[in-house]
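Chemist: generate coordinates for the sequence data below:
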Amino acid sequence: MSAFEPIWIARDFPKCSGCRLCEVACSLHHEGRIWPEASRVRVFMRVPGAEFPHLCAQCHDYPCVASCPVGALSVDKKTSAVLVDREACTSCGACIEACPGRIPFLHPGDKKATICDLCDGDPQCAMICVEGGWNALRTVKREESHSYKLYARKPDEITKDLVTIIYGEHGEELAR
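Modeler: Numbers count the residues shown, from 1 in each chain. As a prediction, this is how the structure comes out:
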């Protein structure tokens, strides 16, 4: 993908193996070391066998950006990623509450808002997932006609749908 066209990280949750290499790749890229707690993508496993990556969906209306009382969040015009001005961020958590998926988090080191920045157009999580052959995450061109906000869901909501796909119609009972 070119860094000059808006991109999106497509998700195919049933393909996730739970290997967590996406967390490793992300933390190595952003932190210079393996630090899953600081990764911008998190792998959740609420039910055994139903792991999935959870990361920013780049909602069309960016509720996290609009909620920031100090203007510390902005949208990168070339990638569509949410960028955090760490100097301006007051760690208030308004962006976390505004996000329909509760995806932003306060970094374990500096306690500032932390959100996927799409690695400046070259998402390392998607790259490692594709290289590994899982394809649970992959980079695609962002289409303005799509509602990406549909992917900004809380982990418990995603788990319910995923276990139904994996375990059939009674799978939702596992997610309770």
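Chemist: quick one, helices of the chain?
Modeler: 21-31, 63-67, 94-98, 124-131, 155-167 (DSSP state H).
Chemist: kindly reformat those helices as TSV containing distance to residue 82.
Modeler: The C-beta positions use only the backbone N, C-alpha and C, and glycine is treated the same way. Output for those, formatted as TSV (distance: least, Cβ to Cβ, whole Å):
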stretch	distance to residue 82
helix 21-31	14
helix 63-67	6
helix 94-98	8
helix 124-131	15
helix 155-167	19
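Chemist: may I see the ones you listed arranged in a markdown table, with mean pLDDT, mean neighbour count and distance to residue 79 as well?
Modeler: Below are the helices of the chain laid out as a markdown table (pLDDT from 0 to 100; neighbours: other Cβ atoms under 10 Å; distance: least, Cβ to Cβ, whole Å):
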| stretch | mean pLDDT | mean neighbour count | distance to residue 79 |
| --- | --- | --- | --- |
| helix 21-31 | 98 | 21 | 14 |
| helix 63-67 | 98 | 18 | 14 |
| helix 94-98 | 98 | 19 | 18 |
| helix 124-131 | 98 | 21 | 13 |
| helix 155-167 | 93 | 17 | 24 |
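Chemist: residue 108: which of those is closest?
Modeler: helix 21-31 (9.9 Å; Cβ to Cβ).
Chemist: now do the contacts for the most centrally placed residue in the chain.
Modeler: The centroid of the chain falls nearest to residue 55 when counting by Cα atoms, centre = their mean (0.9 Å). Neighbouring residues of residue 55 by Cβ atoms under 8 Å, 6 or more residues apart in numbering: 9, 40, 41, 42, 103, 116, 125, 137.
Chemist: same check on residue 130?
Modeler: Residue 130 neighbours (Cβ under 8 Å, 6+ apart): 137, 138, 139.
Chemist: mind listing which of these are in strands?
Modeler: Judged by DSSP state E, the contacts of residue 130 include 137, 138, 139 as members of strands.
Chemist: okay, the residue nearest to the centre of the chain and residue 132: tell me how far apart.
Modeler: Plainly put, residue 55 is 17 Å away from residue 132 if you go by Cβ to Cβ, to the nearest Å.
Chemist: next one: residue 43
Modeler: According to Cβ to Cβ, residue 43 and residue 132 sit 13 Å apart.
Chemist: so between these two, which is more surrounded?
Modeler: Ranked by neighbour count (other Cβ atoms under 10 Å), residue 43 and residue 132 place residue 43 first, with 21 against 14.
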